[in-house]
Structures are given as structure tokens and as C-alpha cells.
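>>> 3D model of this:
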Amino acid sequence: QFTLVESGGGLVRPGDSLRLSCAASGFTLDYYAIGWFRQAPGKEREGVSCITASGGSTEYADSVVGRFTISRDNGQKRLYLQMNNLKPEDTGVYYCAATWGYGKGYCDFGSYDDWGQGTQVTVSS
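Presented below is the predicted three-dimensional model:
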């Protein structure tokens, strides 16, 4: 069964850091690009970052460039989103999602087929 499970969210203060994890199971992670998305209350879901199946290329939303870093460990079947210098506007439910990406040298925030259940990140003083 194709499963993605996020963890690592929480309540933090502005300027703090969090590392989100996404555990993948039921499929061969090596063939899939992974995206991190977030949805704030009352807003549409937006792409935050993505990484190609090989891990050789990444993309970031303008709002997180220089603060967030996406990575993956295909051997451990885990994806990560390191979030530094968090801001209140980073608050939302964060989701990881997968899409077939074997042989693709880029990733984007287009259609993703499989999603995790999300983890809440709240940044507040």
C-alpha cells in the first residue's frame, strides 16, 4: 500500500527551526519525485519545495528560498524539509506528496498522485 506519513510539526516561535520528515512505504521511492506543500487556514494549498527522484534537482517557493532545505534518503525511504528562521506566515498544515519522476531532471508543483495526511506547523510568539 502506497503510504506517506509526515511528522515533525509543532508550535514554535518566530526565528525557530523545525525539521519535517516524510516516511514512505509500499512503493519504490527511488522512482518518485517528492513535493512538500502547505495549506494555511482559509488559503489554497501551495507548493513549498520539491526534489527529483534522484535528488539531483530541487525547487523552492520564493517565500522560503534561503530558509528551507529539502532532502531525501532513498535508502531509508525518508524525505525531509529543514525549516529555519520560521515566520508566522509559514503556519499551516504541511503535506508531502509523490509523483512518478523516474528519469526526469526537474520537478515542479504540478500534479501529484499520492499524499500524506499532513502535519501541523504553527509559528507564533
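>>> Excluding chain neighbours, what is closest to R38?
Excluding the flanking residues, the one nearest R38 by CB to CB, 6 or more residues apart in numbering is G92, at 4.0 Å. In short, each C-beta sits where N, CA and C put it, glycine included.
>>> right, and the one you found touches F37 too?
No: the pair formed by G92 and F37 falls short of the contact definition of CB atoms under 8 Å, at 9.1 Å.
>>> Please name the nearest non-neighbouring residue to G116.
Nearest to G116 is L4, by CB to CB, 6+ apart, at 3.7 Å.
>>> Check the gap between that neighbour and V121 for me.
Between L4 and V121 the computed distance is 17 Å (CB to CB, to the nearest Å).
>>> How confident was the prediction at D73?
In this model, D73 is scored at 95, pLDDT.
>>> Which residues does it form beta bridges with?
Beta-bridge pairing for D73 (DSSP bridges): R78.
>>> So what's the residue count around it?
12 (other CB atoms under 10 Å).
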